[in-house]
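J.: Fold the following for me, if possible:
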Amino acid sequence: MRAGDDSSRRVSPKLVKIVLMFLYWLLALCIQSLLWPKVELHRESDLDFSPISKEELLQLRDSAKQMFYFGYDNYMQHAFPADELDPIHCTGRGADKENVDNININDVLGDYSLTLIESLDMLAIVGNASEFKRAVGLVVRHVDFNRNNTVQVFEATIRVLGGLLSAHLLATDAEYAGEFRPDDYDNELLYMASNLGSRLLLAFENSSTGIPHPRVNLQHGLPENGFLSTCTAGAGTLVLEFGILSRLLGDPVYESAARRAVDSLWKHRHRDTGLLGSDIRVDTGMWTSLSSSIGAGIDSFYEYLLKAYILFGQQEDLDRFNAAYASIMKYMKQGGLCVEVVDPDDLPPYFANVNMLNGEKMNGWIDSLSAAFAAVQVLKGDIQEAVCSHALFYTLWRRFSALPERFDLPTSSPNVAFYPLRPELVESTYMLYQATKSPFYLHVGRDILNSLNTHARARCGYATLHDVKDKSQEDRMESFFLSETTKYLYLLFDKDNKLNKKSDQYIFSTEGHPFQIKPFFRTGGDWFSSQKASHPPPETGSRRRKLRNLQRPVNFTHVAAASETQSSCSRWRDSDNSLFPYPLNRHLLGRYEEMVGFT
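T.: So this is what the prediction gives:
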């Protein structure tokens, strides 16, 4: 070192940053102790932040697997080939032929062995190669979409089309194909997805806006005197499944239709607030509901903007998501700040239902579907906000051992009290654990697992809770219980699962179906842009006529040479793989308890 050189005495910028962050948090704690009243956690013993041993983790994983098999085996024994299992009377359930207007049933159940299709990828995830191959064979032999049933496009897409595509990708995935590819498999699941996709494509007929009609008859197309309005999520949550189908078939018609729907919805957002309503006319583009939220009717629209970017790599999807997220945080976010020091008079942070025209709050309730927003925030990288979003709904779970479908905050009581075994809180718990590795979320998962076994287990499966207050049961086990709820619980506890070890290579659909992020999917942005100009809007009338002549898959080939470029947004953790501690302070948890009446 030369004389006079003082470089050895320079302070590292990284060290300065660490010191400043420490001083900031020390100051925050001092302000908290001065300004905040002492708030005790009413149920502090319910909360556990301690590590879970490897032995207990294995036991929890096995318990989640047993939960799946108890539902799956009973479905196969008592219900297959029907769509769903009635777990109390041990019978099957299909479409309601006697009351075709019963959309609560007929929107979802199309007499196509729904629960089996939804369970295919879970069989692969738990490592049951023999049953996976047997189940694929049953689907190929027994499922026929040429049925005179009217189903909801959204439900058929995320449940059936997504289940078929996910199972096909796993069967042909290098990670799974060695032991999971059925003998003599010739892309039959992809062919079935193409058959169903072409039938669903008829929903875009006679739509001047590009927004699909909410329902189609699988044989005849648009139903007579059908509804002319659809929810935003229903119209805007088709891009992943339709996009994958287009790229696997080399036919942009499916993705083109789905993206025109998103374009139309985006065009009709409010010019000042940037918000969208939750229900819109297919024929005019006029909003029939001005309510804007992160919950029912609109939730998965935001989710698929971000996931479409992750899967396909088109910048416009990410730009739209970021704009929508900014509007959500500006207008829907209520209460104090998350994690940081807040005014003791503020409500804890939560998201309200607001008027899309001006952002003013419309009511005081939240719904259980909003519990999935924390998982979207994790994918965005907004971990601290995700922690708070999750904490509200977990506090509700701690109060009821379930999530009421709708909860009124002003009265601290459910105003829609049933719980159909929804997965949204489990999904967010899984995603937050993957992002933070905090053992707190393992305890949350254990709590959910135990609650389900205590209150929802029935003679032949797991039953909907008719009322979360008295835990009375209802005779229905929806297919998403096996597709999502048990799947996220199992993956939460199975740290060595292939999907967890290579989490940057998979994205989950809104129905919990894993899709591999293939390099050629992400180069498909260029392929799709160059192709879509030369493809006119789908000729759905001619497609209906061609459906009757489809017998075998023609020749399914990939659409473009794979690019080696990987997603730059697929990692959740910081670049140094540092782990986040559980960042919620006990004061804020106590405020959430007060907010939901957990005393």
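
J.: what about stretch 76-92, how long is it end to end?
T.: 9 Å (CA to CA, to the nearest Å).

J.: Check stretch 197-205 too.
T.: 14 Å.

J.: Please apply the same query to stretch 332-348.
T.: 13 Å.

J.: Need the CA coordinates for stretch 247-256. CSV is fine.
T.: Only the C-alpha atoms of stretch 247-256 are listed here, as CSV (Å, rounded to 0.1, in the frame of the first residue of the first chain):
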residue,chain,number,x,y,z
ARG,A,247,-48.7,-23.6,-28.2
LEU,A,248,-48.8,-27.3,-27.9
LEU,A,249,-51.0,-27.6,-31.0
GLY,A,250,-49.4,-24.9,-33.0
ASP,A,251,-52.7,-23.2,-33.4
PRO,A,252,-53.1,-19.7,-32.1
VAL,A,253,-56.9,-19.6,-32.3
TYR,A,254,-57.4,-20.5,-28.6
GLU,A,255,-54.9,-18.0,-27.2
SER,A,256,-56.1,-15.4,-29.6
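
J.: What residues sit buried inside that stretch?
T.: Buried residues in stretch 247-256, counting neighbours by 16 or more other CB atoms under 10 Å, are found at 247-249, 251-256. In short, each C-beta sits where N, CA and C put it, glycine included.

J.: just stretch 307-319 next, same as before
T.: So, applying 16+ other CB under 10 Å, buried residues of stretch 307-319: 307-314, 317-318.

J.: do stretch 70-87 as well
T.: For stretch 70-87, by 16+ other CB under 10 Å, it's 70-72, 74-76, 78-87.

J.: Out of the buried residues of stretch 247-256, the closest to Cys388 would be?
T.: Glu255 (35.2 Å; CB to CB).

J.: How much space separates that closest one from Gly92?
T.: The spacing between Glu255 and Gly92, counted by CB to CB, to the nearest Å, is 35 Å.

J.: What is the burial count for Glu98?
T.: 6 (other CB atoms under 10 Å).

J.: what about it, which helix or strand?
T.: Assigned by DSSP states H and E, Glu98 belongs to neither a helix nor a strand.

J.: that older thread, just the buried residues of stretch 307-319: which are in helices?
T.: 307-312, 317-318 (DSSP state H).

J.: where does the stretch 301-450 of the chain have low pLDDT?
T.: Along the stretch 301-450 of the chain, segments meeting pLDDT under 70 span 339-345.

J.: for Leu109, what are its contacts?
T.: Neighbouring residues of Leu109 by CB atoms under 8 Å, 6 or more residues apart in numbering: 83-84, 93-96, 151.

J.: can you pull the contacts of the residue lying closest to it once chain neighbours are set aside?
T.: Once flanking residues are discounted, Leu109 sits nearest to Asp83: 4.1 Å by CB to CB, 6 or more residues apart in numbering. Applying CB under 8 Å, 6+ apart to Asp83 gives the contacts 92-95, 108-115, 479.

J.: could the residues you listed go into CSV alongside distance to Thr232 and pLDDT?
T.: CSV is the format used below for the contacts of Asp83 (distance: CB to CB, whole Å; pLDDT from 0 to 100):
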residue, distance to Thr232, pLDDT
Gly92, 33, 98
Arg93, 29, 97
Gly94, 29, 97
Ala95, 26, 97
Val108, 19, 97
Leu109, 24, 97
Gly110, 23, 97
Asp111, 28, 98
Tyr112, 26, 98
Ser113, 30, 98
Leu114, 24, 98
Thr115, 27, 98
Ser479, 23, 98
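
J.: For Leu452, state which of the residues you listed is nearest.
T.: Ser479 (16.0 Å).

J.: Quick check, that closest one in contact with Glu118.
T.: Yes. Counting by CB atoms under 8 Å, Ser479 does reach Glu118; the two are 4.2 Å apart.

J.: Spit out the residues that contact those two alike.
T.: Arg159.

J.: Compare those two (neighbour count), which wins?
T.: Glu118 (30 against 26).

J.: Tell me the buried residues in the helix or strand containing that one?
T.: Using DSSP H and E, Glu118 maps to helix 114-125. Neighbour-count burial for helix 114-125 flags 114-125 (criterion: 16+ other CB under 10 Å).
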